[in-house]
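Participant: here is my input; please provide its structure:
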Amino acid sequence: MDLGIIQEISVTLRTLLMSELGFKGKISLGNPGDESQGKNGPLGINVFLYHIVDNIKLRTGRLGDDTTPPLMTGNELNFSLFYLISLMGADLTHPAESAHSVLGKTITAVNQNETIDKKYYPSGSQLASLSGIRLRMNAMSLEEITKLWTALRVPLRPSIPCEAIISEYDQ
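Facilitator: As a prediction, the model looks like this:
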C-alpha cells in the first residue's frame with residue numbers, strides 16, 4: 001500500500017461532505033489561503049489537511065499497560081490525519097444564516113459518520129483494505145486554532161477541526 005492513500009482519504013472526506021450536506025458549492029482540498037479558491041465567489045467549503053501523526057499506541061501495542069503484547073508487527077498503516085474544515089467565499093458573512101447552516105450540517109455529518117461508509121471511497125481505492133476510517137471532531141483551544149490561522153496567513157474564519165483515524169488493525 002502506498003501513501004497515495006492520504007489523497008484518497010481527503011477525497012473520501014470531500015465526497016462524504018458533498019453527499020451528506022447536499023452541498024452544491026465548491027469543496028476544496030487545498031490551502032485555505034490559496035487565492036484561487038475565490039474569496040469573492042459563492043459560499044464554499046475548504047477541507048485542509050494540516051497535520052499527520054503516527055498512532056504510536058497501536059504501533060507499540062501499549063494500549064493500556066506495558067505488559068500487553070504488541071498488537072502489530074510495525075509495518076501496518078496506523079495514523080491520524082488532522083483536518084481543518086472551514087467556509088470560504090463572499091457569502092461567508094452574508095447571509096450569515098446560510099454559512100451557519102453549512103457549518104451546522106458539517107458538524108452533524110462528521111458526528112454521524114464515526115466510521116466512514118465505504119460507499120464514499122473512490123472507486124478502485126486502496127482504502128478497501130483498511131479496517132475503516134474513523135472520523136471525529138478534534139477539540140482545539142482558541143489559542144491553537146488562532147496559531148493555525150496565523151501560520152496560514154489567513155484571517156480567522158469559522159472552522160471545524162476533525163481527525164480521521166486510519167488503521168489496518170481492527171480496533
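
Participant: can you give me the helices for this protein?
Facilitator: With DSSP state H as the criterion, the chain has helices at 5-21, 56-60, 96-112, 142-152.

Participant: just the C-alphas of the last one, formatted as PDB.
Facilitator: Provided in PDB are the C-alpha atoms of helix 142-152 (Å, rounded to 0.1, in the frame of the first residue of the first chain):
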ATOM      1  CA  LEU A 142      -8.900  29.200  20.700                       C
ATOM      2  CA  GLU A 143      -5.100  29.700  21.100                       C
ATOM      3  CA  GLU A 144      -4.400  26.600  19.000                       C
ATOM      4  CA  ILE A 145      -6.800  27.500  16.200                       C
ATOM      5  CA  THR A 146      -5.600  31.100  16.200                       C
ATOM      6  CA  LYS A 147      -2.000  29.900  15.800                       C
ATOM      7  CA  LEU A 148      -3.000  27.700  12.900                       C
ATOM      8  CA  TRP A 149      -4.800  30.500  11.100                       C
ATOM      9  CA  THR A 150      -1.900  32.900  11.800                       C
ATOM     10  CA  ALA A 151       0.500  30.400  10.300                       C
ATOM     11  CA  LEU A 152      -1.700  30.100   7.200                       C
END
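
Participant: in that helix, what counts as buried?
Facilitator: Buried positions in helix 142-152, judged by neighbour count with 16 or more other CB atoms under 10 Å: 148-149, 152. Bear in mind the C-beta positions are built from the backbone N, C-alpha and C, glycine included.

Participant: least trustworthy helix or strand in the chain by mean pLDDT?
Facilitator: helix 56-60 (a mean of 57; mean pLDDT, DSSP states H and E).

Participant: and Ser28, what does it touch?
Facilitator: For Ser28, the contacting residues are 34, 37, 44-47, 88, by CB atoms under 8 Å, 6 or more residues apart in numbering.

Participant: one more: Ile133?
Facilitator: 9, 12, 115-116, 127, 164-166.

Participant: got those as CSV, with distance to Ser80 and neighbour count columns?
Facilitator: Shown next, in CSV, are the contacts of Ile133 (distance: CB to CB, whole Å; neighbours: other CB atoms under 10 Å):
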residue, distance to Ser80, neighbour count
Ile9, 11, 24
Thr12, 15, 23
Thr115, 15, 11
Ile116, 14, 19
Leu127, 15, 20
Ala164, 7, 23
Ile165, 5, 19
Ile166, 7, 21
